[in-house]
Structures are given as structure tokens and as C-alpha cells.
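S.K.: predicted coordinates and the sequence they were generated for:
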Amino acid sequence: MKRSALSLATLVTCALLGSAGAQAADMSLASGPTYRVPMHSLKELRFLSTTRQQYDFSCGSAALATLLTHHYGYPISETTAFQAMWEHGDQAKIRREGFSLLDMQRYLATIGFKSDGFRQPLDKLFEAKLPAIVLVTEKGYNHFVVIKGADDGRILIGDPSAGTRAITRDHFEAIWPTKLLFVIHESPTRPQFNLTADWRAAPRAPLDQAMSRLVLDISSLPKFGPGDF
């Protein structure tokens, strides 16, 4: 029992202290075998299913790449989406304001996806199990993000600048002034929404799983004296 509790504590600690990149760590149990455990840092997890934007004004192309790659199984890079919308868009306006939903809609039509903006309650989106691109306003800036899922009063968003993160529904409603949902309504593939794997980047604090005093006592490291070795 002591070995199991101590090993669990070690695994949790290593997961929380993960390095900037993915790696595999060797975990040895006392008087037992060695296991190789793959780990990702939380920073890396945030961008596993959200495309990072490369430029200050490219959150639109990164959000579109996130939507297609991670929710519709149509892998594209931010660069591909950026170049296509840049070449056919108003470049002076894009420099000033970034890409628009109209730019995205036009590009999607060229690759077989029909899309539109709808003013609908969030619950309608959740019932339909559709991901959506939305324009939010935070700290005085307009920014495109992807609604990736929802659960128990939290909304999971793919933020091209900060990665996948969860915010409360009240907070989301406050930073979403347009109330416009940009969704794909005809596509060659089925959308993925509210995936368990995506939520790994925004875990809840396990406050309801606190260890009892007994478990803490038996998982404490023993204190050895000079003659114990």
C-alpha cells in the first residue's frame, strides 16, 4: 500500500513538473519493474489540438486551421489558410484588422465546406455538437477562438495565442459581444466536438479527490537513522 501511494505521488509530481517538450521518464517502483511513462508539459498540451498563430493579425487563419484540422479531420496549416485568404482578400484591410469571417467563408467554399454565421443561443450549438469560430473581445482586443466543447458550466476554447483553455460560461458570455456563431453546416466529414482528449489541456483541480489523513500518513517518506543502512 505504501509503495503504491508513493509511486502515485511521484507520477503526479512528474506530470505537473513536465518539461517544455514531450518526453518519456523512467519510473521505478520499489523492489519492482521500471515503467516508461510518456509525459507532456501543460504548455505543450494546450497546443496539441489548437493551432498557434504566427502573426499578430493571423488569429483568423489559425482558428480556421484548428477547426478544420482538429474538428473536421481536414488537416491544413495556418500558412495554407493564411496564404489562400491573403491572396484573395483585401490585403490592406487584413493588415489593419486581420481576417474576417467572410474571408473564412470564401476559402471554405473553395475546399467543399459550406459555412455561415448564426445568432443562436450557445445551448443550440451544444445540442448540435458543432464546433464554432467566434469573435471575442479581451483586454480591448478582438480575437478569433474556436469553441471546442462544453461541460458543467465551463466552455473549452481553442485560443490561437494561448492554446486550449477552459473558461466559465459567464466569462465567455461577457467577452462575446457579437453573439455570432460561425459554423460549418455542410461538410464531407463529420465534426468532432467536446472530445475527452481536448479537455486534458484544461483539467479541473481534483478538490473532491483529496487524500485522507491515513493515506498521507502511509505515503510519507520514512526517516532513517545513521544505523539503518
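M.R.: Perfect, thanks for sending it. Note that the coordinates shown come from a computational prediction; the quantities given were computed from them, not determined experimentally. Numbers count the residues shown, from 1 in each chain.
S.K.: mind listing what the nearest residue to Gly153 once chain neighbours are set aside touches?
M.R.: Nearest residue to Gly153, sequence neighbours excluded (C-beta to C-beta, 6 or more residues apart in numbering): Arg169, at 5.4 Å. Yep, even glycine has a C-beta here, placed from its N, CA and C like the rest. Each residue near Arg169 by C-beta atoms under 8 Å, 6 or more residues apart in numbering is listed here: 122, 150, 153-155.
S.K.: Phe182 falls within a helix, correct?
M.R.: No. When classified by DSSP: H, G, I helix; E, B strand; the rest coil, Phe182 is found to be strand rather than part of a helix.
S.K.: surely it is in contact with Phe113?
M.R.: No. With contact defined as C-beta atoms under 8 Å, Phe182 does not count as touching Phe113 (11.6 Å).
S.K.: please say which of these two ends up with more neighbours.
M.R.: Phe182 (23 against 20; other C-beta atoms under 10 Å).
S.K.: contact partners for that one?
M.R.: 101, 104-105, 115-118, 132-134.
S.K.: 10 Å instead?
M.R.: 63-64, 67, 101, 104-105, 108, 115-118, 132-135, 144, 146-147 (C-beta atoms under 10 Å, 6 or more residues apart in numbering).
S.K.: quick one: contacts for the closest residue to Phe193 other than its chain neighbours?
M.R.: Spatial nearest neighbour of Phe193, chain neighbours left out: Lys129 (4.4 Å); criterion: C-beta to C-beta, 6+ apart. Applying C-beta under 10 Å, 6+ apart to Lys129 gives the contacts 149-150, 190-194.
S.K.: switch those over to CSV; also include distance to Thr79 and secondary structure.
M.R.: CSV is the format used below for these (distance: C-beta to C-beta, whole Å; DSSP: H, G, I helix; E, B strand; the rest coil):
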residue, distance to Thr79, secondary structure
Gly149, 26, strand
Ala150, 30, strand
Arg190, 26, coil
Pro191, 23, coil
Gln192, 23, coil
Phe193, 26, coil
Asn194, 28, coil
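S.K.: hang on, the earlier thing: distance of the residue nearest to Gly153 from Ser115?
M.R.: Per C-beta to C-beta, to the nearest Å, Arg169 is found 24 Å from Ser115.
S.K.: now do Met104
M.R.: Using C-beta to C-beta, Met104 is found at 7 Å from Ser115.
S.K.: of those two, who's got more company?
M.R.: Met104 (24 against 21).
S.K.: you'd agree that one is in a helix?
M.R.: Yes. Counting by three-state DSSP, Met104 is located in a helix.
S.K.: my read is that it contacts Phe144, right?
M.R.: Yes. Using C-beta atoms under 10 Å as the test, Met104 is close enough to Phe144 to be in contact (8.6 Å).
S.K.: please enumerate the shared neighbours of the two.
M.R.: Joint contacts of Met104 and Phe144 (C-beta under 10 Å, 6+ apart) are 60-61, 63-64, 67, 133, 182.
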